[in-house]
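1. after the sequence you'll find the predicted model.
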Amino acid sequence: MSTVPTGVRRTAAGRSRRTGPLFVAPFLVFFVLFLVVPLGWGLWMSFTDSSLTGRGDGAFAGLANYAEALTDAEMWSSLGNTAVFTVLSSVPLVVVALIMALLVHTGLPGQWLWRLAYFMPYLLPVAVVWQIWLMLFQPGQGPLNSMLGAVGLDGIGWLTDTKFAMWAVVLVTVWWTVGFNFLLYLAALQAVPDHLYEAAAIDGAGAWRRLWSITLPQLRRTTGLIAVLQVLASLKVFDQIYLLTRGGPDGSTRPVVEYIYDTGFTGYRLGYASAISYVFFAILIVLSIAQFRLFSRREA
Amino acid sequence: MTTDTLSPRREPPVASSPARRAPGRPYRSTGPQAILGSGPAAKVVAIVALLLMTVMWLIPPAWMVVTSFKSEPDAAAPDGWMPKHGFTADAYQKILDQGNLPLWALNSLVVTVSVTALTVVVSALAAYGFSRTVFRGRKGLLALTLASIMVPPQILIVPLFREMVTSRLADTYAAMILPQVVAPAMVYILKRFFDGIPRELEEAARLDGAGSLRAFWSIVLPLSRPILAAVAIFVFITTWNNFLWPFVSTSDPDLMTLPVGLSTVKDSYGLQYAQIAAASVLASIPLIVVFMVFQRQIVKSVATTGLGGQ
């Protein structure tokens, strides 16, 4: 750095003062038009009676939407469903991914096959995932129920019984997306330095001991990151639930993002949908900060 | 882990995948195998577990492929894997003859390629601006960009849709493409990478009279190919499979992308299981072929960008 004459640095700095904004400008245009503006517009709409039909447009409603949201049993139940889904899906999405990565990383042959098998579902469009599982979940003689029958169990109304619908949705989600976390773990495993295992081997540590004392501690940072990303991703779930159950049966699987969608695009109440969006956004921010604190403290 | 995978001078660790080990070469007692231990029992357990999970993960797509080759009555009343009336490719024939599948695939391709190209160009330029240039408000803008990673796209659909209607963009390619170009996380990943490239390289070029754009184009970009590829692949996969925004922003069947179009198949064909399965198989092929060809790069790109907070 110091080898550059100050004169050149000064003109370079002067030039960068002029060219800098040019580099950032294109991004800024997109950023403002499609993130800042809708974010602000949504906030404004949340204080109005905006509707998709154009009637009642712009009429200022103050905090009425928010007041309604706080007493809206449907919003709370959709938030509850989102929370249940997040807990039920996040745990297996971290644990199963870890098990997969540990098994694949043992150096057994057939690497590309395992990788393809576990990651392929992640590459499928959600509409394909939905179609596949709709077939597997068919009531009566559907393939999954036939398998249950083969081991002497009764068939399940996978998507039609309020007791099982959420579990079915979780099952599909884990199957579909676990490959992504699996790859993150695989990358982390390959970064664990060999010499740690060499030292452990010299000390005569067994396989379990190496897993508990070397591998898992080395993966702690990755686990923290995957957990944070996973919880945030699960909280935003919409696609697969909407396609599989439309939120049913009886609203038992409807997540909050679907409630936003239903309110805005089926119920035409854009203002109210925006208010729910902002309640949801506030919850997300609080949770992220809490999670971040939790994991960064554990880190230290 | 993050710092490791994001630093430019070290290849992401996935690059040295054990898959590339020469066949037949004995495993040492350390490294990957150290997880297993050396006993044959552990190895057997691991292989059984691997096979079991692989079978579980492959059953759903296998069912889809098998169903797609059944006749419609067999597909509708499945009685195990084997069809009563034998296998047939009728469903594929019908889908390709009457379906909108090729059109949807073309729409997906237009949208995905446009989003990917625009995102990479716009994000790389911005990342370079944030990493290398000094101008008033740069720090504030960068902070704002980083903070916006927190904004879930799902909460923007209502106002964005409003914006599209107001600007008369609703039901156009532009409505599907433009909002998807905003990728603050990708800007962040690229900036982190550019930060790690030694400035001396550009300063030497600047001494020779090269401007910022020139330095960016002929020095920084060539050094950044791996990360640019990683970002491009990641954006490509997520855009190709994106459902919510294309679903909200278009109602015109001629503009539907594959995921959106496919979700309407049930309505338009009645419950034609074999045809649905055939459509699903056809819709899945592009990304799976891409994955098999670029497997190592894709694994790398997920590892690099996945931790960036998408």
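-> Here it is on my side, so go on. Numbers count the residues shown, from 1 in each chain, chains lettered A, B, ... in the order given.
2. now the longest helix along chain A: buried residues?
-> For chain A, the longest helix by residue count, based on DSSP state H, is helix A:73-104. Judged by neighbour count (16 or more other C-beta atoms under 10 Å in any protein chain shown), helix A:73-104 contains these buried residues: A:75, A:77-79, A:81-83, A:85-86, A:88-90, A:92-94, A:96-104. (Each C-beta comes from the backbone N, C-alpha and C, glycine too.)
3. of those, which ones also sit close to chain B?
-> Near chain B, taking C-beta under 8 Å from any C-beta of the partner chain as the test, the members of the buried residues of helix A:73-104 found are A:Ile99, A:Met100, A:Leu102, A:Leu103, A:Val104.
4. ok, the second one to A:Ile241 distance?
-> Which is A:Met100. Look at A:Met100 and A:Ile241: by C-beta to C-beta, to the nearest Å, they are 24 Å apart.
5. B:Met176: what's it in contact with?
-> Residues in contact with B:Met176, defined by C-beta atoms under 8 Å, 6 or more residues apart in numbering or on different chains, are B:Val111, B:Trp245, B:Pro246, B:Ser249, B:Thr250, B:Leu255, B:Thr257.
6. these: which two are farthest apart?
-> B:Trp245 and B:Leu255 (12.6 Å; C-beta to C-beta).
7. how far out from the middle of the chain is stretch A:176-195?
-> Remark: stretch A:176-195 is offset 18 Å from the chain centroid, using C-alpha atoms, centre = their mean, to the nearest Å.
8. one step back: show me the contacts of B:Met176 that map onto strands.
-> Assigned to strands by DSSP state E, none of those qualify.
9. okay if I get these as JSON lines plus neighbour count?
-> Output for those, formatted as JSON lines (neighbours: other C-beta atoms under 10 Å in any protein chain shown):
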{"residue": "B:Val111", "neighbour count": "23"}
{"residue": "B:Trp245", "neighbour count": "23"}
{"residue": "B:Pro246", "neighbour count": "23"}
{"residue": "B:Ser249", "neighbour count": "26"}
{"residue": "B:Thr250", "neighbour count": "23"}
{"residue": "B:Leu255", "neighbour count": "21"}
{"residue": "B:Thr257", "neighbour count": "28"}
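10. still on that earlier bit, which SSE is immediately downstream of the longest helix of chain A?
-> Remark: after helix A:73-104, the chain's next helix or strand is helix A:111-123, criterion DSSP states H and E.
11. quick check, that following helix touching chain B?
-> Yes: for helix A:111-123, a contact with chain B is found by C-beta under 8 Å from any C-beta, at A:Gln111, A:Trp112, A:Leu113, A:Trp114, A:Arg115, A:Leu116, A:Ala117, A:Tyr118, A:Phe119, A:Met120, A:Pro121, A:Leu123.
12. which among those gets closest to A:Phe137?
-> Checking the residues of helix A:111-123 next to chain B against A:Phe137 by C-beta to C-beta gives A:Pro121 as the nearest, at 15.7 Å.
13. got the contact list for that closest one?
-> A:Val129, A:Trp175, A:Trp176, A:Thr177, A:Val178, A:Gly179, B:Trp57, B:Pro60, B:Pro61.
14. can you say which of these are buried?
-> Here, 16+ other C-beta under 10 Å leaves A:Val129, A:Trp175, A:Trp176, A:Thr177, A:Val178, A:Gly179, B:Trp57, B:Pro60, B:Pro61 buried among the contacts of A:Pro121.
15. helix, strand or coil for the first one?
-> In three-state terms, and counting by DSSP: H, G, I helix; E, B strand; the rest coil, A:Val129 is helix.
16. so how far is chain B from it?
-> Distance, A:Val129 to chain B, using C-beta to the nearest C-beta, to the nearest Å: 8 Å.
17. A:Trp176 is in contact with that residue, correct?
-> Yes: here A:Val129 reaches A:Trp176: they are 5.0 Å apart, a contact under C-beta atoms under 8 Å.
18. shared neighbours, those two?
-> A:Pro121, A:Gln240.
19. pull the number of nearby residues for the closest residue in space to B:Ala279 that isn't next to it in sequence.
-> In this structure, B:Ala279 finds its nearest non-sequential neighbour in B:Ile95, 5.1 Å apart by C-beta to C-beta, 6 or more residues apart in numbering or on different chains. Counted with other C-beta atoms under 10 Å in any protein chain shown, the neighbours of B:Ile95 add up to 26.
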